[in-house]
Each structure stands twice: as structure tokens, then as C-alpha cells.
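Novice: Take this sequence and fold it.
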Amino acid sequence: GNPDGNGGFSFCLPEGEEVAFSCGGDLWVMNMSEKEPVCLHGDTLTLERDCAFSPDGNDLYFLTDHGDGTDLWVARREDPKKPWTKNKSFKKTRLLADGVTRQNISLSPDGKRLMWRDGFSRLHFANTNGLDVVDGPNMPADDVFAWSPDGKWLACGFADNHKNYDIWIVSTTGARPPCNVSRHFKWDGEPAWSADGKILAWAGSRDEGTRIFYFYLDGKGGKGAPNEIDFEDIELRIKTINTSRASSLFFHSSEQKLAFNDGSQTSYVVFPNELSPKRLTAKRGVAQLWGTKKDKGRLLWSVGNKPAVGDTVYGFSVYQTTDVADFQELVFRTCWGRFKNFYYDPNCHGVDWPAVREKYLWAARNAAAPSVFTRVMLMMLGELDASHLGFWVTDTAKSEWLPEVFGQNWRPITMHLGLRFDDNYKGPGLRVR
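Specialist: Residues are numbered from 1 along each chain as shown. Reported below is the predicted structural model:
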């Protein structure tokens, strides 16, 4: 199995013996050595994704997307003395359910602040109860970001009106206006913040390739206090590490070592003097933590979209049951929600868009075939009376059903019997309307 994207997994700290991830639209927890995932939260009507453990491993925050809105949840073990995978039940609390689209949930290193992106990729910060929300800059944010160790700041790539990304430092409490630190006309992104709060590094596309840029935040060459930031002339302190293929930067948890994907491998440098890249591992991936309390060399990351510890990748197999009607309702609500959020005319050409959802929901949910479902979706879009709108269903997921696969000699012809049954009839048998 594969988790649903690199943002969809989180290791349970401090040692990372367990990992939580979303896969197939459900939320799972797995012991790394046992490879037997336990479903923590799942329903065909929703898409669970983007989870984050608290630093002490006692709380697991996650998002539940029901198409026309994304709820914020937190889960706790019924028995905190047992590992997550040994608990038979969990205490789950819905923190936010307001119809807002959310993605990329993240928790600050000190465990005191939450962050997410909305449907327009704008950042929002809140307390761990989901309240006291502080809005970030009114600019699209990249999905790769770095917290300061004290949780007061976040470094992230933001796009300007020309869709060029620069690295900005943003206050998570609104204490200071955002600061553009890279200030270049080519792409900058994928920042990493050192564990002592003294160095900020990121990747930047230049004519010579993708290089690493960094500076000491305190303006004193790293001799200042931890987490100290001097914003005066901050862009003038930028230094360069000569690389050509750098991406996915991450710092060691207790040392000033910076690792990064370097082509097909992962390399690292050591501040302040060992800045010639050395190979860390032959694999490449997206890291959550490099160095635990018990093992400074332990690397917890995602390799090939699977959880991994160092060079060991942990695959898994799980069975899921999908209710077709629930799945079709989720797809319908997701499409309806996209138009609610992103259609160029917020008034939807004068159409009562919530009423349209109720008008077509039953038909979409109970469509007997993909062709019927497609027709329902097109009828919904037709309510807008606009051009350049469409909906298509692909057969990619059904490739194993094709006659030429495995020597099968059949093909689907009849998708519906042409009958409608009386749902109120209690039997015996079925009654045709």
C-alpha cells in the first residue's frame, strides 16, 4: 500500500516506533516492525488525510474531507499506557466542522500551534483546539514549509501575481508582518529550520541548477540566542552552497547538519565549515525527523511514498470495503464543493448552489453505472448555463476487468436491468415499481 501523499503520514515520537498515515481514504496506525495497520478512522463517505502527531505522541490530529468541507479532528488512545496499535478503541473529538476546505494539517514542534492551508492555498494558524485562528498572508502558499523550533514563526514559499515563489517568514500569531527573505525572480522553496533556531535554509532554482541558500537568523553569525531573528537587511546575509539538484531539505534534530535529496541519493553538509556535500544514503525521500534521543542516526522519513527508517522501507497490505453509493456521494459532494469554492462567479450565475446539491444528490448517489453518474454530473453543471464545463469518468481503475487481461473472454454490456424496486416493500423477495 501507499499512503495518500507525503503529507499523509506522521511518525509517533519520540522514537518513531509507530506511524500514522492515510491510505485509500482511511486513517491507519502501524507498528513499524509488525507491518499490520490498524484502521483508526475510516468511512467511504469521507476522505481521511493529512495527519500529525503531537510531540509527545499522545494526540493525533487529522482531517476528514466530506467533499463540501473538511473537518479537523483529534484522536487519543483509550488506554494511553498501550501503544496506538494495541488499543482497540480511540477517543475522537471533532474540533472544527464549518464547511471550510482544509489541507496540509501541521503541528508546531512545541505542540502549541496548528497550521493548515485552505482551498485557495492560504495559510491559517490556530491553537490546538482549532480556535483563535490567525490568517496568514493573502497569497497562495506552497505545501512544503518549516516551523521555527519555538512555533512562533513559519518559513514557506509564497507565490506572487506572476506565480513566482519566494521564501517568506510568517508570524504564527500575527505579531509581525510577513517578511520576504529570498527576493529572487526564480523559484525558491522547500525551507528547513535548524533545531537550535539559528539557521534557515532553502532550495532555489538558478541558471546553474537548484542550489541551497541559507543565512544565520540572528544576524550575528549564529552567536546569538536560540530562535533570535534580526529582520534588518535579512536578505543581504544570504549565502550559497554549491549544489545542482537539491530538494527536500531537512536538518538534524540536535546538530547543525543539513541533509537534502541530491539527484538519486541523499547528501548532507555540516555548518559552519563542512559545506561540501557528502552522501548520507543511496535513497531519497521526505523526512520528518533525523536523530532521536536514543539514536542520533535514526532517520524517520517517507521513501517512494512509503514510511521508512533509514534504508528500510516498510510496505504493507490491507483490505478495504468500499460502499459504491457512499463513494459516488463523496465524488458528487467534492465536485459540488469545488465549484462552490473556485467558480469565477461567487454567485454562480444567480443559481441557488446549495439547492442544486440537494436536487441532484440522490440521483448521483444511486447512479447504477458510470455513464449514469456522468450524466447526473453534467446535468448539475448545466444549471450554471456556462461554457467550458465538463465531467469525465475514466476506466483506469477497471483495467483488470478488460477482456484482454488474464485471458478473460467477457465484456460488460448490461449495466442496469431497467427495473426500479420498491424500497418500502418488506418482502419476501423484491417488488418492482
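
Novice: Can you give me the end-to-end span of stretch 64-80?
Specialist: 23 Å (Cα to Cα, to the nearest Å).

Novice: Ok, stretch 142-162 next?
Specialist: For stretch 142-162, the first-to-last residue distance is 15 Å (Cα to Cα).

Novice: Likewise for stretch 375-391?
Specialist: OK, stretch 375-391 end separation, Cα to Cα: 9 Å.

Novice: Would you mark the buried spots in it?
Specialist: Residues of stretch 375-391 classed as buried by neighbour count (16 or more other Cβ atoms under 10 Å): Val376, Met377, Met380, Leu381, Glu383, Leu384. C-beta: built from backbone N, CA, C; applies to glycine.

Novice: Quick check, Val19 in contact with Lys306.
Specialist: No: Val19 lies out of contact with Lys306 (Cβ atoms under 8 Å); the separation is 9.9 Å.

Novice: shared neighbours of those two, anything?
Specialist: Common contacts of Val19 and Lys306, defined by Cβ atoms under 8 Å, 6 or more residues apart in numbering, comprise Tyr314.

Novice: who's more crowded, these two?
Specialist: Val19 (28 against 18; other Cβ atoms under 10 Å).

Novice: what secondary structure does the more buried one sit in?
Specialist: strand (DSSP: H, G, I helix; E, B strand; the rest coil).

Novice: what are the bridge partners for it, then?
Specialist: Beta bridges link Val19 to Phe11, Met30, judged by DSSP bridges.

Novice: same deal with Arg94?
Specialist: Going by DSSP bridges, Arg94 forms beta bridges with Trp73.

Novice: Quick check: the gap between it and Arg211.
Specialist: 44 Å (Cβ to Cβ, to the nearest Å).

Novice: More neighbours: which of the two?
Specialist: Arg211 (19 against 11).

Novice: sorry, back to before: now the buried residues of stretch 375-391 in CSV, please, with extra columns for pLDDT and distance to Leu107.
Specialist: Converted to CSV, the buried residues of stretch 375-391 look like this (pLDDT from 0 to 100; distance: Cβ to Cβ, whole Å):
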residue, pLDDT, distance to Leu107
Val376, 95, 39
Met377, 95, 37
Met380, 96, 37
Leu381, 94, 38
Glu383, 95, 41
Leu384, 93, 39
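
Novice: what's the closest of those to Arg420?
Specialist: When the buried residues of stretch 375-391 are compared for distance to Arg420 (Cβ to Cβ), Val376 comes out closest, at 15.8 Å.

Novice: Isn't that closest one up against Asn366?
Specialist: No: contact criterion Cβ under 8 Å: Val376 and Asn366 do not qualify, at 9.4 Å.

Novice: Tell me how far the helix or strand containing Thr240 lies from the chain's centre.
Specialist: Element membership for Thr240 (DSSP states H and E) is strand 239-241. Computed by Cα atoms, centre = their mean, to the nearest Å, the chain-centroid distance of strand 239-241 equals 30 Å.

Novice: which outside residues touch the helix or strand following that strand?
Specialist: Next helix or strand after strand 239-241 toward the C-terminus (DSSP H and E): strand 246-251. Contacts to strand 246-251, defined as Cβ under 8 Å, 6+ apart, come from residues 144, 190-195, 199, 201-203, 210-212, 257-262, 284-287, 290, 301.

Novice: Which members of the residues you listed are positioned in strands?
Specialist: Per DSSP state E, strands hold the following members of those: 144, 190-193, 199, 201-203, 210-212, 257-262, 286-287, 290, 301.

Novice: And the buried ones among the residues you listed, selectable in ChimeraX?
Specialist: Buried members of these, defined by 16+ other Cβ under 10 Å, are picked up in ChimeraX with:
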select :144,190,191,192,193,199,201,202,203,210,211,212,257,258,259,260,261,262,286,287,290,301
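
Novice: For the closest residue to Asn31 other than its chain neighbours, give me its contacts.
Specialist: Distance criterion Cβ to Cβ, 6 or more residues apart in numbering; nearest residue to Asn31, sequence neighbours excluded, is Thr85 at 4.7 Å. Shown in contact with Thr85 (Cβ under 8 Å, 6+ apart): Glu18, Val29, Met30, Asn31, Glu34, Glu36, Val38.
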